[in-house]
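Trainee: Fold the following for me, if possible:
(chains A, B, C and D)
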There are 2 protein chains.
Amino acid sequence: MPEHPTFDILTATCPSRTSLARIANKWTAMVVIALSSGRLRFRDLRTTVDGISPKVLTDTLRDLERDGIVTRHVYAEVPPRVEYELTALGRTLHAPLQALGIWAEEHITEVLAARESYDAHT
Amino acid sequence: MPEHPTFDILTATCPSRTSLARIANKWTAMVVIALSSGRLRFRDLRTTVDGISPKVLTDTLRDLERDGIVTRHVYAEVPPRVEYELTALGRTLHAPLQALGIWAEEHITEVLAARESYDAHT
DNA sequence: CTGGATCCTAACCGATACTG
DNA sequence: CAGTATCGGTTAGGATCCAG
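Mentor: So this is what the prediction gives:
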């Protein structure tokens, strides 16, 4: 048995693809990174993940909650307070997603240079 | 100086976000994983990344080429032969993306269970 | 404060057919 | 074979307003 059997996520019918589609997403990455430091309320997530619209944040959080990556804590207060937190499962996702974020930051210069050179060739 | 300065990819104006948007993408992940074993021609990529349409594959490859992640090798033959290969930069991206693919496969059971439980609560 | 309700645009993406 | 061209459906995502 191969230590990693020809990666069946490359197979169209593999259910893991539905999960990959969710996690391989820029908003997911940023939200998970933002939550890695701990529980945050909706408002704080909005400011931490700069530029995210309330709608997109709500949608993203709901999808992450559905996939068991995030938990929603509602406090019966006025004004309402809702906090979001990574689950145990979500915490296992942090490293891979942060690696992606770090890659983007570390290589942005090369990427921008590549784009410029590519566009010049038009 | 912080070892990791409050992750400025969370800032809306950070250019790294444009790169993150590209790499945090399911097709990118699958194509990079497929190319990690070596140079592949268009046709072989199509069959390796099962279910990808020629249009999406073309678009994805063009974007990756533009970002300096993939190189395109054209052979002046009949019938034409075109091969794609990860650049040095692209190879540094393989580990993070494969980690994401592995995560999706390893945790798909938990994810599916979470979805079922979430949907039941409706 | 949370986030639902709308509306609307852009983008993604799938299918198919066709050319060099 | 390697695409491009086209079309159209679906979804992502931004803006705005409003309710509990």
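Trainee: going forward, measure contacts between C-alpha atoms and count neighbours the same way
Mentor: Will do.
Trainee: tilt between the host helix or strand of residue A:115 and helix B:88-120?
Mentor: Residue A:115 belongs to helix A:88-120 when assigned by DSSP states H and E. Counting by axes from the mean of the first three to the mean of the last three Cα atoms, to 10 degrees, helix A:88-120 lies at 140 degrees to helix B:88-120.
Trainee: is DNA strand D contacted by helix A:88-120?
Mentor: No: Helix A:88-120 does not reach DNA strand D (Cα under 7 Å from any atom of the strand); its nearest approach is 14.1 Å.
Trainee: pLDDT of that helix, averaged?
Mentor: Average pLDDT, helix A:88-120: 96.
Trainee: Which other helices and strands does that helix contact?
Mentor: Other elements packing on helix A:88-120 under the criterion 3 or more Cα pairs under 8 Å, 6 or more residues apart in numbering or on different chains; DSSP states H and E are helix A:26-35, helix B:16-23, helix B:54-66, helix B:88-120.
Trainee: and the angle from the second one to helix A:26-35?
Mentor: Helix B:16-23 and helix A:26-35 are oriented at 120 degrees to each other (the same axes, to 10 degrees).
Trainee: sorry, back to before: just the helices and strands packed on helix A:88-120: most buried one?
Mentor: Ranked by mean neighbour count, the helices and strands packed on helix A:88-120 are led by helix A:26-35 with a mean of 23 (mean count of other Cα atoms under 10 Å in any protein chain shown).
Trainee: list the contacts for residue A:118?
Mentor: Each residue near residue A:118 by Cα atoms under 8 Å, 6 or more residues apart in numbering or on different chains is listed here: residue B:66.
Trainee: What distance do you get for the closest residue to residue A:19 other than its chain neighbours to residue B:90?
Mentor: For residue A:19, ignoring the flanking residues on the chain, the nearest one in space by Cα to Cα, 6 or more residues apart in numbering or on different chains is residue B:104 at 5.8 Å. Distance, residue B:104 to residue B:90, by Cα to Cα, to the nearest Å: 21 Å.
Trainee: next one: residue A:29
Mentor: Distance from residue A:29 to residue B:90, by Cα to Cα: 19 Å.
Trainee: cool, and residue A:14?
Mentor: Taking Cα to Cα, one finds residue A:14 at 25 Å from residue B:90.
Trainee: What of residue A:56?
Mentor: Distance, residue A:56 to residue B:90, by Cα to Cα: 30 Å.
Trainee: Equivalent analysis for residue A:83, please.
Mentor: Per Cα to Cα, residue A:83 is found 37 Å from residue B:90.
Trainee: and if you look at residue A:51?
Mentor: With Cα to Cα as the criterion, residue A:51 and residue B:90 are 28 Å apart.
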